[in-house]
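Student: Below are the sequence and a predicted model; questions follow.
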Amino acid sequence: MAPSPQDPAAATPRRKVSRHRGEGQWAAGHHTPLNGNEQFKKDDDGLNVRTRIETIYAKRGFDSIDPNDLRGRMRWWGLYTQRKPGIDGGKTAILEPEELDDKYFMLRVRIDGGRLTTAQLRVIGEISQEFARGTADITDRQNIQLHWIRIEDVPEIWRRLEGVGLSTTEACGDVPRVILGSPVAGIAEDEIIDGTWAIEEIQRRIIGNKDFSNLPRKFKSAVSGSPLLDVAHEINDIAFVGVEHPEHGPGFDLWVGGGLSTNPKLGVRLDAWVPLEEVPDVYEGVISIFRDYGYRRLRNRARLKFLVADWGPEKFRQVLEDEYLGRKLLDGPAPEQPVERWRDHVGVHRQRDGRFYVGFAPRVGRVDGATLAKIAGVAEEHGSGRLRTTTEQKMIVLDVEGDQVESLAAALEALDLRVTPSPFRRGTMACTGIEFCKLAIVETKARGSALIDELERRLPEFDEPITINLNGCPNACARIQVADIGLKGQLMMDEEGRQVEGYQVHLGGALGLEAGFGRKVRGLKVTSRELPDYVERVLRRFEAERADGERFAVWAARASEEALS
């Protein structure tokens with residue numbers, strides 16, 4: 001019966017009930033494309049674009065490329081359009097993609113586990129010199145990136161890379177990206193467990209497999225058995241961290257849901273211990289959860305970290321076990337805190353076989369093709385056929401006999417590749433920046449290199465581990481939130497009222513040792529011109545105020561805003 005006009009229920013206004021649109025989760029039946037990216041992925045798998053590149057675009061040129069391939073599917077093969085020269089940072093968010101696009105590409109060579117032979121590195125160097133105007137950057141995900149690539153040259157570049165066992169397959173895109181690994185896997189004296197087999201098996205099963213080539217967003221992963229925690233496991237979608245189980249021996253602790261960008265989250269432990277032989281199965285289970293339950297409606301909520309945050313680790317583990325593995329995982333211990341504060345493997349270190357590995361530091365990851373070829377030659381001259389890249393934009397030569405170490409180090413130093421770098425050379429990292437990146441607002445690589453020189457000149461006695469990370473935009477490719485001094489690029493007004501490049505400052509972030517995000521001091525921004533003065537001032541205050549043995553991140557957490565300004 002309908003209520004009468006006098007009935008209180010009639011006088012109470014009804015709330016408008018809105019239908020929840022869902023998060024675009026396939027497992028919840030939300031298969032309808034909800035944004036442009038989901039539409040082009042539904043229209044054609046990104047892996048299929050290779051045929052068009054080889055048979056059409058490389059023959060007809062840049063202007064023949066379909067826009068959904070150009071700014072979408074070509075990423076599945078490691079290709080991004082790079083920024084057109086001369087466009088200042090103030091126009092980054094204003095111009096349309098086609099106005100920002102240059103007719104050249106960045107090409108990312110994926111280097112899973114950071115593993116390279118000297119023959120492979122020489123080929124990358126040759127490609128750089130012949131097709132990329134000599135450019136080459138070592139990234140903080142162990143890849144090498146080249147610039148100025150013409151679409152006409154891509155098939156030949158692929159032929160040469162694949163001829164030595166390298167690939168650009170799924171180096172970018174909504175796919176499983178490069179699998180990070182300890183660069184000293186299988187050789188370090190203190191290694192808990194060697195994860196190399198697991199990385200290779202994951203590659204074999206997953207990379208290039210169309211069951212996993214349409215994910216909600218990118219999927220970042222890491223496997224390391226090093227006690228140094230050398231793969232930034234806290235900021236990966238999935239990470240396997242070496243631990244010693246009291247009953248079952250060496251294996252891996254499982255972490256999920258890490259990531260930075262504009263909404264940073266540290267990964268969480270599932271309290272699960274995974275033996276080496278089960279790592280690929282668990283990896284496949286987690287990436288399948290992401291594919292099936294990941295949020296596809298909004299791009300800014302499409303990373304695994306949002307699903308993990310909403311579900312919590314207990315539910316995530318339950319779904320993994322019940323729906324994907326069909327078995328329970330063993331409980332296990334957390335990794336121990338590393339005893340060393342540097343985890344980049346720079347310097348000379350003894351291997352378990354009695355030989356040595358030698359780690360060295362380029363400037364903010366920037367090298368060039370000629371230098372890469374020279375590194376390969378120097379390594380071979382000193383008896384090594386193997387190298388590694390690290391997650392800190394560094395490089396390592398493996399398998400060096402004791403009587404070759406000193407001459408190898410001298411040869412590297414002659415190339416401006418420091419085996420015993422200053423803390424500033426060792427700890428400064430920079431993303432690609434406005435030189436090539438369409439998302440960037442400010443310059444980073446040259447700025448970081450100049451900052452190193454200034455700090456070495458001004459603070460020659462400073463010998464504390466310090467990380468200084470420069471990022472050209474808010475997306476945190478250079479991990480600004482987890483650096484001692486993180487610098488997020490932005491435009492600002494200088495004292496004379498002019499718009500100039502500058503940085504918002506984050507202070508006291510860390511990974512490995514009491515991981516956490518840096519502190520932002522209200523209103524603290526620094527122009528590019530003022531940057532050396534600011535960093536010098538803060539580091540001098542740190543030296544004056546720190547307690548005995550206190551790390552910069554700990555001091556920055558307790559310091560006054562005046563001391564940090």
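Tutor: Cool, got the structure.
Student: Who's the closest spatial neighbour of the most centrally placed residue in the chain, skipping the chain neighbours?
Tutor: Closest residue to the average C-alpha location of the chain: Arg141 at 4.4 Å, with C-alpha atoms, centre = their mean. Nearest residue to Arg141, sequence neighbours excluded (C-beta to C-beta, 6 or more residues apart in numbering): Val178, at 5.6 Å. All C-beta atoms are positioned from the backbone trio N, CA, C, and that covers glycine.
Student: end to end, how far does stretch 294-312 reach?
Tutor: The first residue of stretch 294-312 is 14 Å away from its last residue (C-alpha to C-alpha, to the nearest Å).
Student: And the average pLDDT for that stretch is what?
Tutor: Mean pLDDT, computed over stretch 294-312, is 97.
Student: That stretch: which residues count as buried?
Tutor: Residues of stretch 294-312 classed as buried: 294-297, 299, 301-309, 311 (neighbour count, 16 or more other C-beta atoms under 10 Å).
Student: mind listing which of those are in helices?
Tutor: Per DSSP state H, helices hold the following members of the buried residues of stretch 294-312: Leu304, Lys305, Phe306, Leu307, Val308, Ala309, Trp311.
Student: Give me the mean pLDDT for stretch 346-364.
Tutor: Mean per-residue pLDDT for stretch 346-364: 98.
Student: Using CSV, write out every CA atom in it.
Tutor: Provided in CSV are the C-alpha atoms of stretch 346-364 (Å, rounded to 0.1, in the frame of the first residue of the first chain):
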residue,chain,number,x,y,z
VAL,A,346,80.1,-0.2,-7.0
GLY,A,347,83.7,-0.9,-6.2
VAL,A,348,85.8,-4.1,-6.1
HIS,A,349,84.3,-7.2,-4.6
ARG,A,350,85.4,-10.8,-4.3
GLN,A,351,83.2,-13.4,-6.0
ARG,A,352,82.5,-16.8,-4.5
ASP,A,353,84.9,-18.4,-7.0
GLY,A,354,87.8,-16.3,-5.9
ARG,A,355,87.7,-13.9,-8.8
PHE,A,356,86.4,-10.3,-8.5
TYR,A,357,83.6,-8.2,-9.8
VAL,A,358,84.1,-4.4,-10.4
GLY,A,359,81.2,-2.0,-10.3
PHE,A,360,81.5,1.5,-11.7
ALA,A,361,79.4,4.7,-11.9
PRO,A,362,78.7,6.7,-15.0
ARG,A,363,77.1,10.1,-14.6
VAL,A,364,73.4,9.8,-13.8
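Student: Quick one: residues in contact with the strand or helix carrying the residue nearest to Arg141.
Tutor: Using DSSP states H and E, Val178 falls within strand 176-181. Identification of contacts with strand 176-181 by C-beta atoms under 8 Å, 6 or more residues apart in numbering yields 110-115, 141-143, 170-171, 195-196, 199, 202-203, 206-207, 212, 215, 218-224, 231-232, 236, 287, 391.
Student: about what we covered before: what is the nearest of the buried residues of stretch 294-312 to Phe542?
Tutor: Proximity of those to Phe542 (C-beta to C-beta) peaks at Lys305, which lies at 31.4 Å.
Student: Report the separation between the closest one and Phe40.
Tutor: Noted for Lys305: a distance of 24 Å to Phe40, by C-beta to C-beta, to the nearest Å.
Student: cool, Ile480 as well?
Tutor: 31 Å.
Student: Mind checking which of these two has more residues around it?
Tutor: Just comparing Ile480 and Phe40: by other C-beta atoms under 10 Å the higher neighbour count belongs to Ile480, 29 against 18.
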